[in-house]
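A predicted structure for the sequence below; I have some questions about it.
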Amino acid sequence: MSVTAAQLLVRCLEAEGVQYVFGIPGEENIHFVQALDDSEIRYVLVRHEQAASFMAEMYGRLTQRAAVCSATLGPGAINLQLGVADAQTNSTPLIALTAQVGRDRSYKESHQGIDLVPMFAPITKWSALIPTPESIPEILRKAFKTAQTERPGAVYLAVPEDIESAEVPDDLVPLRIDRVRPNEPTDAQVDRAVELLLAAERPIVLAGHGAAREDGAAAQLVRFAEATGIPVAATFHAKGVFPDDHPLGLGAVGFMRHDYVNFGFDAADTIVAVGYELQEFDPKKVNPEGDATIIHVHRFPAEVDRHYPVDVGLHGSIGRSLELFTEAFERADAAADSPAPWRARKTPGVAALLRDELDAHADDEQVPLSPQRIVADTRAALGREDIVLADTGAVKMWMARLYPTYAPNTCLLSNGLSTMGFSLPGALGAKLARPDAKILAATGDGAFLMHAQELETAVREGIPLCVLVWEDDGYGLIEWKMEMELGTSSSVKFGNPDVVAFTESFGGTGVRITEASQLLPALRAGLESDGVTVIAVPVDYRENLKLTERLGELEAPL
């Protein structure tokens, strides 16, 4: 008895624990889509392949299991590339599967024939074509192992049309899954890290995305900070890995101007980088002279950069490394003649300054609303474990800077590629990954219309969705940058549809905010709904330049 290669492909996906495939079918992968119909894997039909890749990315980011996006060959495959690149630069496991022309015409000029494997190679960890039906179990196992092993990322596989429909022996089965287990740092590495830390006068912790990806690392980071008394800053990707309401919390580093938290790095002579990856934030901005001592705590060695000269690396499980580091420090500190010098200094109250800034605008009644008021109401509408996806643009800068975050992966941004438009489709993937959490897509009006068609996907698939659109009729972040550097702006303004009518045309509920007091009740109602809700709120981005002018006046470390 035999089965088709498409059926074998689906069996391999089932063996890997895949629950969803996001995509649009094409003529060349109809056997694959039909095979999915006979499996427990749910095919989520989308309205644009790019949206499928963002859904898969956010599902993978929250589960740390590679989700699958699928498309046909040629244009369909190319449309997947933005989300694939976003996943790769955001260290997120993802598998992209597309059709490809059959081997009988791959060697010549052919309709929709384009060599996809080298196109995907620069934006993935591995890009390959399935050469034979019999190779499917090995290639699929390698794809998932590659995507999910630290540093996680994207993998692309092309499936030729003739291979998909070919028959294979029924006894060809998926391979056994072998999990890659992280090592732990050596005693010599830990001892060297303690030695450097005890010699420091002004240490600081920089937590990065790697710490958010690893279960248990956040709790160990809190223990390390409390044992050492060292304040902790986080990159945008690591927001929440150290609670913003913790006394040692410094908030997020990554704002385009010098912010309160940067003063901690200006004064630092030692940086303990926990799960930090250089793509998250330019190390030049935290170590401008390249003279700070760097203790690198991660699963793998750091990228080479003259502003990130690693003095010692603790390579292995981040949580286990921090546990060993903490225990060794406590022993050495107890045996020392005097406590570490930084313990005598008052911890900078950066988080309190940011909270005061947020609270100062929490009752603003102006319309259009201030960004601070929108952030404050967003925080009030969501629980500590609920999730907001903040799209790229001015929304991202205000949310990343001011939105208090208390748990890893509860404020999701794109900071590797900083891609506009990911939040709305990403929220659908996030909801499928975390069905019990409230999920909010916070987006500017420019990013909203890049994937607004996926409102229909949410309605048809029955996936609850709440979207908050910050409306200013323009590309607010670019205007902000132009005004700061050029003193003027151009080519950043556009028109918008009636968001309420637009949403209702898809079968959702549209809400327009005309008074500041309406926003919080609208958010709460939308987040409780089992349907699709889009809330349009006018925003006053005059606050942008006021903020950067105020921060520009900061001159001394706290």
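Yep, that arrived. Because the structure is predicted, anything quoted here is derived from the model rather than measured.

can we go C-alpha only for contacts and neighbour counts from here?
Fine.

I'd like to check which residues are in contact with the closest residue in space to residue 232 that isn't next to it in sequence.
Once flanking residues are discounted, residue 232 sits nearest to residue 205: 4.6 Å by CA to CA, 6 or more residues apart in numbering. Residue 205 is in contact with 230-233, 271-274, counting by CA atoms under 8 Å, 6 or more residues apart in numbering.

one more time with 10 Å, if that's ok
221, 224-225, 230-234, 249-250, 264-265, 268, 270-274, 295 (CA atoms under 10 Å, 6 or more residues apart in numbering).

Please apply the same query to residue 34.
Residue 34 neighbours (CA under 10 Å, 6+ apart): 6-7, 10, 25.

Max pairwise distance over these: which two?
Farthest-apart pair in the contacts of residue 34 is 7 and 25; separation 15.6 Å (CA to CA).

doesn't residue 11 make contact with residue 39?
Yes - in this structure residue 39 lies within contact range of residue 11 using CA atoms under 10 Å: 8.2 Å.

Which of these two has more residues huddled nearby?
residue 11 (20 against 15; other CA atoms under 10 Å).

List the buried residues in the helix or strand where the more buried one lies.
Element membership of residue 11, judged by DSSP states H and E, is helix 5-15. By neighbour count with 16 or more other CA atoms under 10 Å, helix 5-15 contains the buried residues 5-14.

Toward the C-terminus, what is the element adjacent to the one helix or strand in the chain whose mean pLDDT sits lowest?
Across the helices and strands of the chain, mean confidence by mean pLDDT, DSSP states H and E is lowest for helix 262-267: a mean of 74. Next helix or strand after helix 262-267 toward the C-terminus (DSSP H and E): strand 270-274.

List the strands paired with that following strand, with their directions.
strand 203-207 (parallel), strand 293-298 (parallel) (DSSP bridges).

wait, which of these is closest to residue 167?
Across the strands paired with strand 270-274, closest to residue 167 is strand 293-298 (CA to CA), at 44.7 Å.

centre of the chain versus that closest one, how much separation?
Centre-to-centre, strand 293-298 and its host chain are 22 Å apart (CA atoms, centre = their mean, to the nearest Å).

before we move on, what about stretch 302-318?
Per CA atoms, centre = their mean, the centroid offset for stretch 302-318 relative to its chain is 22 Å.

again, but for stretch 59-77
The answer for stretch 59-77 is 15 Å, by CA atoms, centre = their mean.

then it to CSV, C-alphas only?
Once non-C-alpha atoms are left out, stretch 59-77 reads as follows in CSV (Å, rounded to 0.1, in the frame of the first residue of the first chain):
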residue,chain,number,x,y,z
TYR,A,59,2.5,31.7,17.2
GLY,A,60,6.0,30.5,17.2
ARG,A,61,7.2,33.4,19.3
LEU,A,62,4.8,32.6,22.1
THR,A,63,5.1,28.8,22.0
GLN,A,64,8.8,28.4,20.9
ARG,A,65,7.6,25.7,18.5
ALA,A,66,7.9,26.3,14.8
ALA,A,67,4.6,27.2,13.2
VAL,A,68,4.0,26.6,9.5
CYS,A,69,3.1,29.1,6.8
SER,A,70,2.3,27.8,3.3
ALA,A,71,1.9,29.3,-0.2
THR,A,72,2.1,28.3,-3.8
LEU,A,73,5.1,28.9,-6.0
GLY,A,74,6.3,32.1,-7.5
PRO,A,75,4.4,35.2,-6.3
GLY,A,76,2.8,33.3,-3.4
ALA,A,77,6.2,32.2,-2.1
